[in-house]
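# need a structure here:
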Amino acid sequence: MPPAAPPAVSAVPRRWRLLCAAAALVVAGVLTYVGVTLQDNATGVARFTTADQVALVGLGLVLGAGLLALGRPRVDADLTGIRVRNLAGERALPWTAVRAVRFDRRFRWATLQLTNDDEFAVLAIQGADGDRAVDAVEGLRALLAAARAAEPPPPPRPPLLYDD
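Numbering: from 1, shown residues only. Model (predicted):
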């Protein structure tokens, strides 16, 4: 009976998402408060209208949404491959393209070492998440090992020209 396949892995940066959500709430709340309480200046130096109030509230909402977008990193992996969504894009890789899953002490997040000698950051697995990050990396490594075990062995290499 073949061994059971490791479970799929899905991870997000918990602390980072909480920090982004809190910052977005504060920025949107402060600018909304300022926009609502903004009044005409009695000295006549500055004149604020309803359009200025709406613009400040809108700016607060846009900046808050931008801060929330910083919390979008995610990684999903199963036996077929790994899908990594970072800040600016998404990338899906088969396990045959991954050489190793690294999570060194000197790095703040995990990285994938690819077979073409590139490294790809996995921002969803951050050291600040502690045991959750360790569990996610161990799950990714188990999936990589299972995918390698399922691969057919490489064809035999031809003999060297001078085989002594």
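# can you show me the helices along this protein?
14-37, 50-69, 131-150 (DSSP state H).
# quick one: closest of the ones you listed to residue 78.
helix 131-150 (6.9 Å; Cβ to Cβ). Bear in mind the C-beta positions are built from the backbone N, C-alpha and C, glycine included.
# hmm, who's touching that closest one?
When contacts are taken as Cβ atoms under 8 Å, 6 or more residues apart in numbering, the neighbours of helix 131-150 outside the stretch itself are 5-9, 11, 14, 75, 77-79, 82, 95-96, 98, 100-101, 103, 110, 124-127.
# columns mean neighbour count on top of the helices of the chain, output as a markdown table?
Compiled in a markdown table, those are given as follows (neighbours: other Cβ atoms under 10 Å):
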| stretch | mean neighbour count |
| --- | --- |
| helix 14-37 | 15 |
| helix 50-69 | 15 |
| helix 131-150 | 17 |
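# can you tell which of the ones you listed is closest to residue 159?
Across these, closest to residue 159 is helix 131-150 (Cβ to Cβ), at 25.9 Å.
# tell me the angle the closest one makes with helix 14-37.
Going by axes from the mean of the first three to the mean of the last three Cα atoms, to 10 degrees, helix 131-150 is angled at 130 degrees with respect to helix 14-37.
# mean confidence for helix 131-150?
Here helix 131-150 scores 90 as its mean pLDDT.
# what's the answer for stretch 80-98, then?
The average pLDDT within stretch 80-98 is 91.
# buried set for it?
81, 82, 84, 85, 86, 93, 95, 98 (16 or more other Cβ atoms under 10 Å).
# now do the end-to-end distance for that stretch.
As for stretch 80-98, its first-to-last residue distance stands at 12 Å under the measure Cα to Cα, to the nearest Å.
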